[in-house]
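>>> The following block contains a protein sequence and its predicted model.
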Amino acid sequence: MNTNTPHIRLEPEDISPYVLTCGDPARAKQISEYLTNAKQVGAFREYHTYTGEYKGLRVTAISHGIGGAGAAICFEELIRIGAQTIVRVGTCGSYLSHIRSGDLLIGTGATREDGTSNVLMDMAFPAIADLDVTNALRDAARARGDVKFALGVVRSDAAFYHGLAPNPHQYWAEAGAVGIEMELATLLIIASLRKIRAGGIFVADGNPNEAATANMENYDPHRNVVEKAKGTMIEIALEALLRL
């Protein structure tokens, strides 16, 4: 096994085969608070890593930063040292009128606008979440009975601020996409290439097709309803790992 991980700076013994990934280092730390015997095993650049146990299952949590290119480095190096199941726990914009801020989306696949996966594999190949991972996330969410969630294809978009090119939110909503984030497609394509399992679950933090959040100057992903839902999402993701 190639243990050269110059960016995440981890060794095989530092991680579990079961990994939760997120963009924010603070959320990786938050995940660790749901684990027993949790220990920080890495902190370099945006990659902050914790490993502990959840109901007897060894679990690793690591942050990957924002955007496909940096996240791809994280995913590739994790796989080099033994990661076999990677679940992204993130935030997203919802394209569904009934999925509001604080509700959840489970990604069954992703559009490949992430700016990285096109370099890794021909664009004709779809970014599809592992079925077992998706079902485990769905079943864990259903078992709670206290969360509203939906499943579907999410957009993985390379640019948060689109500059002169308008962001075609309505186009993708009409096509059937359920939400928008930035890194799931990168994860799913790498998972397909490296023959591991991967999927994603997300907290909605607004709807870019609605007037209240269409103007990004009014975007606020840190409202209490969103922050509270992140804990619920983490619990569901951990329960899904147990099912896997």
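Ah, there it is.
>>> Could you pull up the residues touching Asp114?
By C-beta atoms under 8 Å, 6 or more residues apart in numbering, Asp114 lies in contact with 67-68, 156-158, 182-186. Where you see a C-beta, it was placed from the backbone N, CA and C, and this is true even at glycine.
>>> pLDDT score assigned to it?
Note for Asp114: predicted pLDDT of 98.
>>> so how far is Asn207 from it?
Applying C-beta to C-beta, to the nearest Å, the value for Asp114 to Asn207 is 21 Å.
>>> Ala129 now?
Where Asn207 is concerned, Ala129 sits at a distance of 22 Å (C-beta to C-beta).
>>> Which of those two has more residues huddled nearby?
Shown here are Ala129 and Asn207; by other C-beta atoms under 10 Å, Ala129 has more neighbours (28 against 22).
>>> name the helices or strands packed onto the lengthiest helix in the chain?
Identified as the longest helix of the chain according to DSSP state H is helix 224-243. For helix 224-243, the elements it packs on are strand 18-22, helix 25-32, strand 47-54, strand 57-63, strand 85-94, strand 104-113, helix 131-144, strand 197-204, judged by 3 or more C-beta pairs under 8 Å, 6 or more residues apart in numbering; DSSP states H and E.
>>> Gly152: which of the ones you listed is closest?
strand 104-113 (5.8 Å; C-beta to C-beta).
>>> my read: Ala177 touches Gly93, true?
No. Judged on C-beta atoms under 8 Å, Ala177 makes no contact with Gly93 at a distance of 10.3 Å.
>>> Would you mind telling me which of the two has more residues around it?
Gly93 (25 against 20).
>>> Who does the more buried one form a beta bridge with?
Ile180 (DSSP bridges).
>>> Model confidence score at it, please.
96.
>>> What of the one 4 residues further on?
Among the per-residue scores, Ser97 shows a pLDDT of 95.
>>> before we move on, back to that, nearest to Thr5, out of the helices and strands packed on helix 224-243?
That would be strand 47-54 among the helices and strands packed on helix 224-243, by C-beta to C-beta, at 9.2 Å.
>>> Please identify the buried residues of that closest one?
Buried residues in strand 47-54, counted by 16 or more other C-beta atoms under 10 Å: 47-52, 54.
>>> So which other helices or strands are in contact with it?
helix 25-32, strand 36-44, strand 57-63, helix 224-243.
>>> Direction included, what does that strand pair up with?
strand 36-44 (antiparallel), strand 57-63 (antiparallel).
>>> highest average neighbour count across those strands?
Most buried of the strands paired with strand 47-54, by mean neighbour count (mean count of other C-beta atoms under 10 Å): strand 57-63, with a mean of 24.
>>> average pLDDT for that strand?
For strand 57-63, the mean per-residue pLDDT is 98.
>>> How far does it sit from its chain's centre?
Relative to the centre of its chain, strand 57-63 is centred 13 Å away, using C-alpha atoms, centre = their mean, to the nearest Å.
>>> Next, the buried residues of the helix or strand that comes right after that strand.
Later in the chain than strand 57-63, the nearest helix or strand by DSSP states H and E is helix 68-80. By 16+ other C-beta under 10 Å, the buried positions in helix 68-80 come out as 68, 70-80.
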